[in-house]
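*Asks:* Prediction below, plus the sequence it came from.
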Amino acid sequence: MSNSTAFSVAYTKAQQSFDRLACELDEEAWEKSEWRLYIQRTCHEVVSFVEGVCEQTARLVPPVILGRCNVIYRIHCDGDAYDVVVRQPRPEMVQFRKEKALYEAATISYLSQNSSVHVPDLFFHTPSSYIGPAMILLFVKSERSMSEALTSPGQDLGEIPVLDPEISEEDLRTLYGKMAGLLIKLFEPTRHKIGSLVEVGTKHSVARRPLTQNMNDLVYKASIPESVLPSSKQVYTSADEWYAASAAMHMAQLLFQHDDIVGSEDEYRNKYLARYLFHSLAKKGQLSAFGFLEDNWSAQSQSLELSCSMPYGLDSFRLWCDNLRPHNILLNEYDNIAAALDWEFAYFAPTQFSLDPPWWLLLQLPELWPSGIDDWSQVYETRLEIWLLAMQDEEWGEGINFPENLSAYMRESWLSGRFWLTYATRKSWAFDTIFWKYLDERFFGPRDEGIQESQLWTARVHLLGEEAQSSMEMVVERKMNDAEERVPVDWDPDAANQLLQEALGDDSGSQS
């Protein structure tokens, strides 16, 4: 088996396997929630809630839509020419429901007031009510989603969408252009902190932690103790701080997830060393410069000619949404964007994130591509050229306040591997494959060809000091014991943070 195939097979198993123990514990809650969603009483509660807010008689417009993270109820109020939508986080899938609802409402409100991005009108929201956290939004009429426009005609809507391989370049460039225009609009608002938006009166401020899809998954999939995540009021003032915090969460996944995916001590060493080095680079302020003109530390910087300068690390940050993708973009009858939906897990992030080409050009995640991540990368490159042309079309005359056009940054992001750096930063379950396949040799230089995949750590162990090597062996021993016992642990917050600090070799446990 080739290294490429082995990576793909190993990662697919890891990505598609939730923490079995956590899922077993949640099975009863899942069944209760699934049942509750479809009983008539729940629908009556939502209708009653809308009637109380709108002071009008209302009725449900079927069907109730069960999304990945939300339940959507369409409601018609008598006497109105329009319908509204009640949007609620799914209780068994979303771990920070009040936070999620609060930040999403603030983001929609902020965009409606500070950008030309089309978002649904927000009529009402509450982080807490007798039906739980909820938003009431204007129902947006549309012909189809951007995802439907990009997939093969007749594809089952229940299947994972994949870009139509037969779509013409002209049609693809036109549809990509709509998305490019949206990203340009989203690039305009800036803030001086990294974090989630909150709304007080008519003012918006970045005053809470960046609530990410990955954080939700760490708790939901892996039962990571919440005490090792950034605290609710933690914000960040530099890109490097957020890279370090993200790296610490990757280490937390390794430490606290009970699973049976990793089968050997060497595989745990691979995972530990990758996370430790990534965190160390972040703490040194090197990740924020990677793939830019200022990159003078990586092995590839000696031979790769780049022209785009890095963003100012302490200046301004851009709004980023983990869930922004064609599936959540509604199109009207002319295939213009009617509205961008689902602003959950949106936060002001390092500008570096917004300077990468979008991961969703093929619609499907690279780690879930049926033919493997290498094949995804090859197909992606062919579509990337069309995306860059579409971006250039949209940039014409826009006058973006940045040293280079976004298309130039995106081209160099893919060339330098900066695309993969951002992806690895955001995805704990994709981290290991991406680090060893796309980042390690760009960071530290070529590995010996004879090193087996299971012993990749031996190529970089010299970069660890004695204390870090001791910590690695401590983690390996703990993980091997956990794999045998498979007993969930109710972690004391102080003990959990102490373990994380020891593994990282500093005081980067919880972000208080």
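*Replies:* Nice, I can see it.
*Asks:* Could you point out the longest helix of the protein?
*Replies:* Taking DSSP state H as the criterion, the chain has its longest helix at helix 373-395.
*Asks:* buried ones in that one?
*Replies:* For helix 373-395, a neighbour-count test (16 or more other CB atoms under 10 Å) marks 373-374, 376-377, 379-380, 383-384, 386-391, 394-395 as buried. Backbone N, C-alpha and C define where each C-beta goes, glycine included.
*Asks:* Out of those residues, the closest to residue 470 would be?
*Replies:* Nearest to residue 470 among the buried residues of helix 373-395: residue 373, at 33.1 Å, using CB to CB.
*Asks:* How about the closest one, nearest residue that isn't a chain neighbour?
*Replies:* Take residue 373 and drop its neighbours on the chain: the residue closest to it by CB to CB, 6 or more residues apart in numbering is residue 366, 5.0 Å away.
*Asks:* so what's that neighbour up against?
*Replies:* Applying CB atoms under 8 Å, 6 or more residues apart in numbering, one finds that residue 366 lies in contact with 359, 373, 376, 377, 380, 423, 430.
*Asks:* switch to 10 Å and redo it
*Replies:* Residues near residue 366 by CB atoms under 10 Å, 6 or more residues apart in numbering: 8, 11, 359, 372-377, 379-380, 419-420, 423, 427, 430, 433-434, 438.
*Asks:* So which residues of the stretch 151-300 of the chain form strands?
*Replies:* For the stretch 151-300 of the chain, strands defined by DSSP state E, counting those that start in this stretch occupy the ranges 190-191, 196-200, 203-208.
*Asks:* Given the longest one, what are its sheet partners and their directions?
*Replies:* Sheet pairing here is set by DSSP bridges, and for strand 203-208 it gives strand 196-200 (antiparallel).
*Asks:* what's the offset of the partner strand from the middle of its chain?
*Replies:* Strand 196-200 sits 20 Å away from the centroid of its parent chain (CA atoms, centre = their mean, to the nearest Å).
*Asks:* Just the buried residues of that strand, please?
*Replies:* 196, 197, 198, 199.
*Asks:* can you check stretch 294-302 too?
*Replies:* So, applying 16+ other CB under 10 Å, buried residues of stretch 294-302: 295, 298, 300, 301.
*Asks:* so what's the second one closest to, chain neighbours aside?
*Replies:* Looking back up the chat, that one is residue 298. Nearest one to residue 298, counting by CB to CB, 6+ apart, is residue 443 at 5.4 Å.
*Asks:* Roughly how far does that neighbour sit from residue 43?
*Replies:* 53 Å (CB to CB, to the nearest Å).
*Asks:* any idea whether residue 60 is helix, strand or coil?
*Replies:* Three-state call for residue 60 (DSSP: H, G, I helix; E, B strand; the rest coil): strand.
*Asks:* what's it in contact with, if anything?
*Replies:* Counting by CB under 10 Å, 6+ apart, residue 60 makes contact with 40, 43, 44, 46, 47, 50, 73, 74, 75, 76, 86.
*Asks:* Among these, the buried ones, what's the ChimeraX command?
*Replies:* Of the contacts of residue 60, the buried ones can be selected in ChimeraX as follows, counting by 16+ other CB under 10 Å:
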select :43,46,47,50,73,75,76,86
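*Asks:* Could you dump the contacts of residue 60 into CSV with pLDDT added?
*Replies:* As requested, those are exported to CSV (pLDDT from 0 to 100):
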residue, pLDDT
40, 62
43, 89
44, 89
46, 94
47, 95
50, 96
73, 94
74, 96
75, 96
76, 97
86, 96
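*Asks:* Just confirm residue 455 is within a strand.
*Replies:* No: residue state for residue 455 (three-state DSSP) corresponds to helix; a strand is not indicated.
*Asks:* so where's the chain uncertain?
*Replies:* Applying pLDDT under 70 to the chain flags residues 1-41, 157-158, 259-262, 313-315, 397-403, 485-486, 506-512.
*Asks:* Report the central residue of it.
*Replies:* Centroid-nearest residue in the chain, with CA atoms, centre = their mean: residue 322, separated by 3.8 Å.
*Asks:* Would you check that the residue nearest to residue 298 makes contact with residue 420?
*Replies:* No: with contacts counted by CB atoms under 10 Å, residue 443 stays clear of residue 420, the gap being 11.0 Å.
*Asks:* Run a quick neighbour tally on residue 347.
*Replies:* The tally of other residues near residue 347 (other CB atoms under 10 Å) stands at 25.
*Asks:* which SS state does it fall under?
*Replies:* With three-state DSSP as the criterion, residue 347 reads strand.
*Asks:* ok, what's across the strand from it?
*Replies:* According to DSSP bridges, the partner residues bridging residue 347 are residue 320.
*Asks:* Do I have it right that it meets residue 322?
*Replies:* Yes: Residue 347 is within contact range of residue 322, at 8.4 Å (criterion: CB under 10 Å).
*Asks:* show me what contacts the residue located most distally from the centre of the chain?
*Replies:* Centroid-distance maximum for the chain: residue 79 at 40.5 Å, with CA atoms, centre = their mean. Listed by CB under 10 Å, 6+ apart, the contact partners of residue 79 are 54, 56, 57.
*Asks:* and what of residue 304?
*Replies:* With contact taken as CB under 10 Å, 6+ apart, residue 304 is in contact with 291, 295, 298, 412, 415, 416, 417, 442.
*Asks:* ok so, going back, residues in contact with both of residue 347 and residue 322, list them for me.
*Replies:* Common contacts of residue 347 and residue 322, defined by CB under 10 Å, 6+ apart, comprise 210, 211, 212, 353.
*Asks:* Distance of the last one relative to residue 72?
*Replies:* Counting by CB to CB, the gap from residue 353 to residue 72 is 27 Å.
*Asks:* ditto for the second one
*Replies:* Spatial separation of residue 211 from residue 72 under the definition CB to CB is 20 Å.
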